[in-house]
Structure formats: structure tokens, C-alpha cells
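J.: Got a predicted structure plus its sequence, pasted below:
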Amino acid sequence: MERILIIEDEKDVNQLLAQTLQDSGYETVSVWNGMDGLQALKQEHFDLVLLDLMLPYKSGDEVLRELRKESDIPVIVISAKDMVGTKIDLLTLGADDYITKPFDLGEVTARIVSNLRRYHKKETTKQITYKELVLDTEAKTITINETDLELTSTEYLMLELFLQFPNKVFSKSNLYETIWGYEYLGDDNVIKTHISNLRNKIKKHSEVEYIETVWGLGYRLAK
């Protein structure tokens, strides 16, 4: 059974959404502020989040921003704000959909079905395509402009990480501890050398930039 987290501080709205979704066959968990929402997301598995914007303690856009550092599960924002600029900002921030209050419960359910279907289809794909790169997660190969990119296992893991989390900035400690599995003790040269080698191998086949340095923070996939 798919699990949906409802982060909404209006209790009657929260309860109405929960009952509707339970009647549609979903399991729901309700919280009433942004802090509890983030805590629930860290501790439990969810397939989708319904997120209000005007929340106590931590606003909906803050919750979305922090969630997107760690997860790409579907997030549908439900808000009384009906301004085009607000919608664009939230979609850019990582929201998958936006519903304005007052809403139709049938529409909410239909949007959930659509977003879950799209997400599960994305989960089952064996390829990640980005610009001229194609990564095959099953064969563990990467091609660029239909040419095999010959990488070391460490370089492959590093590039795979960037492609899987295209919006995340990885600090040097993030990269080191994720790829090597050891505590990062401040040896910048290891990370810099692998990033440099990876960039040079890509440049042999493409003029497009793929790895961007975010000064003072780390590295991420170039936009």
C-alpha cells in the first residue's frame, strides 16, 4: 500500500484529505507543522507528500528545499496562494504539482494517481539521460554522444551520484563518505583529483560542462 504524508496545519483540511485518500486505498500519515513533517520524512518511507505552504515553525517552501537535498519523491503543494510567480518558484524549487485552495477532492486524488504513476515509471527505468550523457544503471556503463566513456569504478560512482541527484550540491565530505565509505578527514586532493580526471575524460568527447564547482560548498551537476 502506498503511503502519503500530509503536512497541513488546518486540522479539518488535513483530516478531510486523509479520509479521502484512505477511502481510495492509500495509507496516510498526518502532521501539522513543517518541523514534524521533516522529522517524519527522515524516519519513515513515503511515496508522496501533500504539502501546505503556510506552516508553523518551518514553512512549506523550506520543507521542500530541505527534502530535495535528500529525496526526489513526488511533492504536491496545496496552498491558498494563487499567484503565478509563487507556482513557478515552487516548481523550480522541486515541487511536482500545485493545487490551489479551495480544491476539489476528486482532482486531488487524480493528481496523486498521475504523479505516483510518473514517479514509479521513473524509478523502474534502467537509464538516466542528461544532455549528451546516457547512464545505464544495469550495465553500469556511460556513453556520451554514443561513445563509451571509459571511467574507473570511482569515477563511475561519482558521476552516477551526480546524475541521480541533479539538484544536490555535494560537499567534499559527502562525496568521500558516500563513495569510499570512510570518514572524511579533510584530504581535498583525493576529491579534486577524481573530479579533474572525470572532467578531462568528458571533455575529450564533449564541450558541454557536466560538473560545476559551487565555491565554498562543493560540486554538483552543471545546469
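T.: Okay, I see it.

J.: can you count the residues close to Gly60?
T.: Neighbours of Gly60 under the rule other CB atoms under 10 Å: 26. In this view, the C-beta of every residue, glycine as well, is placed from N, C-alpha and C.

J.: biggest helix in the chain by residues?
T.: Assignment by DSSP state H gives helix 105-124 as the longest helix of the chain.

J.: what helices or strands is that one leaning on?
T.: Packing contacts for helix 105-124, counted by 3 or more CB pairs under 8 Å, 6 or more residues apart in numbering; DSSP states H and E, involve helix 11-23, strand 48-52, strand 75-79, strand 97-100.

J.: Show me where this structure has its helices.
T.: Counting by DSSP H, the helices of the chain are 11-23, 34-43, 60-67, 84-93, 105-124, 153-164, 172-179, 188-203.

J.: Can you say which of the ones you listed is packed in most?
T.: Among those, ranked by average contacts under mean count of other CB atoms under 10 Å, first place goes to helix 60-67 (a mean of 20).

J.: can you give me the angle that helix makes with strand 75-79?
T.: Per axes from the mean of the first three to the mean of the last three CA atoms, to 10 degrees, the angle that helix 60-67 makes with strand 75-79 is 170 degrees.

J.: Let's see helix 60-67 as PDB, backbone CA atoms only.
T.: In PDB, the C-alpha atoms belonging to helix 60-67 read as follows (Å, rounded to 0.1, in the frame of the first residue of the first chain):
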ATOM      1  CA  GLY A  60       6.400  24.700   3.200                       C
ATOM      2  CA  ASP A  61       9.000  26.100   0.800                       C
ATOM      3  CA  GLU A  62      11.700  25.400   3.500                       C
ATOM      4  CA  VAL A  63      10.400  21.900   3.900                       C
ATOM      5  CA  LEU A  64      10.600  21.400   0.100                       C
ATOM      6  CA  ARG A  65      14.100  22.800  -0.100                       C
ATOM      7  CA  GLU A  66      15.400  20.500   2.600                       C
ATOM      8  CA  LEU A  67      13.600  17.500   1.300                       C
END
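
J.: if we look at it, which residues are touching it?
T.: 7, 34, 37-38, 41, 49, 51-55, 73, 75, 77, 79, 89-90, 93-95 (CB atoms under 8 Å, 6 or more residues apart in numbering).

J.: measure Gly186 to Ser153 for me?
T.: For Gly186, the distance to Ser153 (CB to CB, to the nearest Å) stands at 24 Å.

J.: can you put the helices and strands packed on helix 105-124 in TSV and add mean pLDDT?
T.: Shown next, in TSV, are the helices and strands packed on helix 105-124 (pLDDT from 0 to 100):
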stretch	mean pLDDT
helix 11-23	96
strand 48-52	96
strand 75-79	92
strand 97-100	90
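
J.: Now tabulate these in CSV and tack on distance to Glu212.
T.: Output for the helices and strands packed on helix 105-124, formatted as CSV (distance: least, CB to CB, whole Å):
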stretch, distance to Glu212
helix 11-23, 39
strand 48-52, 28
strand 75-79, 24
strand 97-100, 28
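
J.: Could you say which one of those comes nearest to Asn167?
T.: Closest to Asn167 of those, according to CB to CB: strand 75-79, at 12.6 Å.

J.: on that earlier part again, which one of the helices and strands packed on helix 105-124 lies closest to Leu159?
T.: Of all those, strand 75-79 comes closest under CB to CB, at 26.3 Å.
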